[in-house]
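1. test case, fold it:
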Amino acid sequence: MLIYELFFVVSIILVASLIVFMKDIFNPVFIFVASLWFGILWAMLFSRKWDLCLSGLTFTVFVLGIGTFFVVGIIIKLLGERRQLESVRQFSISVKGWKIDLAIIFTFMTLILSIMTIKQLVPATSLGDSIYMYRVKTTFWNMLVPFPSYLNYMRMLTYALGFWFTYYFAAILVFRQRLDVRSLLVVVFSALSSIITGSRNNFIIFLMLFMFFLYFCSQCKNGWVKGIRLKPVIFGVVIAVFLLVSFQNLADLLGRNTTSSPLDYLAEYVGAEVYNLNIFLSQHKIPMVDSYAGTQTFINFFKTFGRYWGASSNEYLLNLPFNTSNGYNLGNVYTTFYPYLYDFGISGMFLLVTLMATISEVTHILAKKLFSSSKISVIVLIDGYMFTALAFSFFSNKFYEQISALNFLEYIAAWIILSVLLPTKEKTRMEEIV
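-> Here you go, the predicted model:
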């Protein structure tokens, strides 16, 4: 079966990525390859249950897509990282307590207002049922159930605050070895607010962000000279196990009432994308014909700006049919390659993967170079934002969906403003002596 050959080839690319990026395992290349390797692993383990017969075209898509990202990323790294980075031994900024308290109050108010609003928009016997019905109506029924404009802005700012304080919290933990409980509260309230609309991914994103910023700050502190260390690996494994074990429980908490066994449910979420992409390529000629080229890849761009050429945002939908096999519900997600193939075919997929690798790798290199002990670097926040998108490559097209959305520009603007208003530079010992 080709699924075994695919797993073997991608495993070789994964090992090569690990060797090249031993001192930077959160590099976009390793994250992208590891994400898709993880999905292929689960698809291989459940291939017999799902009756998965991988086609030669699907095999080619995965090898070409993953291999292209790997090669482009290494080239960018060789061109952009010619000098050893200096270590950053201190973190000389802080946020005054009253500013953090205001952030806590604001994010908590956003959480409460979001709960009250979703209960009003979709009345149900429990909050979990309201969240589930809201998600069904907005995601699958294409029904517009809008939050008030003021609350949308509050939620955007709360999300931006959550990202900002995750970075700050990790920096304080690494450089000062202190647990900043108040900053943690901002992060927790932001994460809870993000799942009110029924998406578990947002909650997972905050955990992933914390791991990313913790590792990033640690490596900046030692000058990116240390490789994989035991403690971070153990911490990462513990977080990963927690997420895997609690994933189905979180779905039930949000009102989804799953019936699969925990192992089957996890496999359907992580590995079914390989099966679904294989079905799509077996049944359709690519690229698909659509009104505008790119509506699947850049869906959020078309939803935001379509009105300028007379199109309603409701006219642009992701074409994601549900699939089942041997009694297993395999969902409607198809990996990050699906929209590229749908819109532009194999050649378009090659170009889009090349562009994605270039953007993410250049951003990561700049973030490493521009990390500062005296300010919160917005480029590092952008790097973390892109990291979460690449980590979901096994799942869907998070990268282009996120960077082509208006929210991305709003987050950047918010981070710039927050980085000006919140921090206070502390005097170093040398400055105090002078």
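
2. tally of neighbours for Tyr4?
-> As a burial measure, Tyr4 scores 11 neighbours (other CB atoms under 10 Å). (C-beta placed from N, C-alpha, C; glycine too.)

3. what residues does the strand or helix carrying it touch?
-> Per DSSP states H and E: Tyr4 is located in helix 2-20. Under the contact criterion CB atoms under 8 Å, 6 or more residues apart in numbering, helix 2-20 has outside partners 25, 29-30, 33-34, 36-37, 40-41, 43-44, 47, 52-56, 58-59, 62-63, 66-67, 70, 74, 77, 274.

4. now, those that are in helices?
-> Among these, the ones falling in helices (DSSP state H) are 29-30, 33-34, 36-37, 40-41, 43-44, 47, 56, 58-59, 62-63, 66-67, 70, 74, 77, 274.

5. contacts only, for Met356.
-> Met356 touches Phe69, Phe399, Tyr400, counting by CB under 8 Å, 6+ apart.

6. 7 Å instead?
-> Phe399 (CB atoms under 7 Å, 6 or more residues apart in numbering).

7. between helix 28-45 and whichever strand or helix holds it, find me the angle.
-> Met356 belongs to helix 337-370 when assigned by DSSP H and E. On the basis of axes from the mean of the first three to the mean of the last three CA atoms, to 10 degrees, helix 337-370 is oriented at 150 degrees to helix 28-45.

8. what average pLDDT does helix 337-370 get?
-> Helix 337-370 shows a mean pLDDT of 95.

9. now find how far off-centre that helix is within its chain.
-> Relative to its chain's centre, helix 337-370 lies at 15 Å (CA atoms, centre = their mean, to the nearest Å).

10. list the contacts of the helix or strand that that helix is followed by.
-> Going down the chain from helix 337-370, the next helix or strand is helix 378-391, by DSSP H and E. Residues outside helix 378-391 that contact it (CB under 7 Å, 6+ apart): 26, 28, 31-32, 35, 163-164, 167, 205, 208-209, 212-213, 216, 360, 363-364, 366-367, 370-371, 398-399, 402, 412, 415-416, 419.

11. what residues does the helix or strand following helix 378-391 touch?
-> Going down the chain from helix 378-391, the next helix or strand is helix 398-403, by DSSP H and E. The contact list for helix 398-403, computed with CB under 7 Å, 6+ apart, reads Thr297, Phe298, Ile299, Asn300, Thr336, Met356, Tyr385, Met386, Ala389, Leu390, Phe392, Phe408.

12. low-confidence ranges in the stretch 301-434 of the chain?
-> 307-315, 425-434 (pLDDT under 70).

13. returning to that earlier point: which member of the contacts of helix 398-403 is positioned nearest Asp129?
-> Among the contacts of helix 398-403, Phe392 lies closest to Asp129 (CB to CB), at 26.5 Å.

14. quickly note the distance from the closest one to Pro321.
-> According to CB to CB, to the nearest Å, Phe392 and Pro321 sit 20 Å apart.

15. higher neighbour count, these two?
-> For Phe392 versus Pro321, neighbours defined as other CB under 10 Å are more numerous around Phe392 (22 against 10).

16. so what's that one closest to, chain neighbours aside?
-> Lys398 (4.3 Å; CB to CB, 6 or more residues apart in numbering).

17. return stretch 182-191 as PDB; C-alpha atoms alone will do.
-> The C-alpha trace of stretch 182-191 is given here as PDB (Å, rounded to 0.1, in the frame of the first residue of the first chain):
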ATOM      1  CA  ARG A 182      -1.800  38.300  36.600                       C
ATOM      2  CA  SER A 183      -0.500  38.000  33.100                       C
ATOM      3  CA  LEU A 184      -1.500  34.400  33.100                       C
ATOM      4  CA  LEU A 185      -5.100  35.400  34.000                       C
ATOM      5  CA  VAL A 186      -5.200  37.600  30.900                       C
ATOM      6  CA  VAL A 187      -4.100  34.700  28.800                       C
ATOM      7  CA  VAL A 188      -6.700  32.300  30.400                       C
ATOM      8  CA  PHE A 189      -9.600  34.700  29.900                       C
ATOM      9  CA  SER A 190      -8.500  35.400  26.300                       C
ATOM     10  CA  ALA A 191      -8.300  31.600  25.600                       C
END
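
18. ok now that stretch, how far from the chain's centre?
-> In terms of CA atoms, centre = their mean, the centre of stretch 182-191 is found 19 Å from the chain centre.

19. ok, residues contacting that stretch?
-> Residues outside stretch 182-191 that contact it (CB under 7 Å, 6+ apart) are 100, 103-104, 107-108, 111, 158-159, 161-162, 165-166, 168-169, 172, 203, 206.

20. same thing but at 6 Å, please
-> Residues outside stretch 182-191 that contact it (CB atoms under 6 Å, 6 or more residues apart in numbering): 100, 103-104, 107-108, 111, 158, 161-162, 165-166, 168-169, 203, 206.

21. pull out the buried residues from it.
-> Residues of stretch 182-191 classed as buried by neighbour count (16 or more other CB atoms under 10 Å): Ser183, Leu184, Leu185, Val186, Val187, Val188, Phe189, Ser190, Ala191.

22. likewise stretch 80-90?
-> Using 16+ other CB under 10 Å as the test for burial, stretch 80-90 gives Glu81, Leu85, Val88.

23. SS state for Leu317?
-> In three-state terms, and counting by DSSP: H, G, I helix; E, B strand; the rest coil, Leu317 is coil.

24. phi, psi for it please.
-> When read as degrees, to the nearest 10, the backbone of Leu317 gives phi -130, psi 150.

25. relative to Gly348, how far out is it?
-> Noted for Leu317: a distance of 20 Å to Gly348, by CB to CB.

26. settle it for me: which of these two has more neighbours?
-> Between Leu317 and Gly348, counted using other CB under 10 Å, Gly348 has the larger neighbour count: 19 against 12.

27. list the contacts of the more buried one.
-> Contact partners of Gly348, counting by CB under 6 Å, 6+ apart, are Tyr340.

28. over to the one 5 residues further on?
-> For Val353, the contacting residues are Gly65, Thr68, Phe69, taking CB under 6 Å, 6+ apart as the criterion.

29. ok, so of these, who is nearest Leu121?
-> Of all the contacts of Val353, Leu121 sits closest to Gly65, with 39.2 Å by CB to CB.

30. circling back: can I get the buried residues of stretch 80-90 in CSV with distance to Lys137, secondary structure and pLDDT?
-> Output for the buried residues of stretch 80-90, formatted as CSV (distance: CB to CB, whole Å; DSSP: H, G, I helix; E, B strand; the rest coil; pLDDT from 0 to 100):
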residue, distance to Lys137, secondary structure, pLDDT
Glu81, 47, coil, 84
Leu85, 49, coil, 82
Val88, 48, coil, 84
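
31. for burial, what's the neighbour tally of the closest residue to Ala272 other than its chain neighbours?
-> Distances taken as CB to CB, 6+ apart put Leu330 closest to Ala272, at 3.8 Å, once the chain neighbours are dropped. For Leu330, the neighbour count with other CB under 10 Å is 23.
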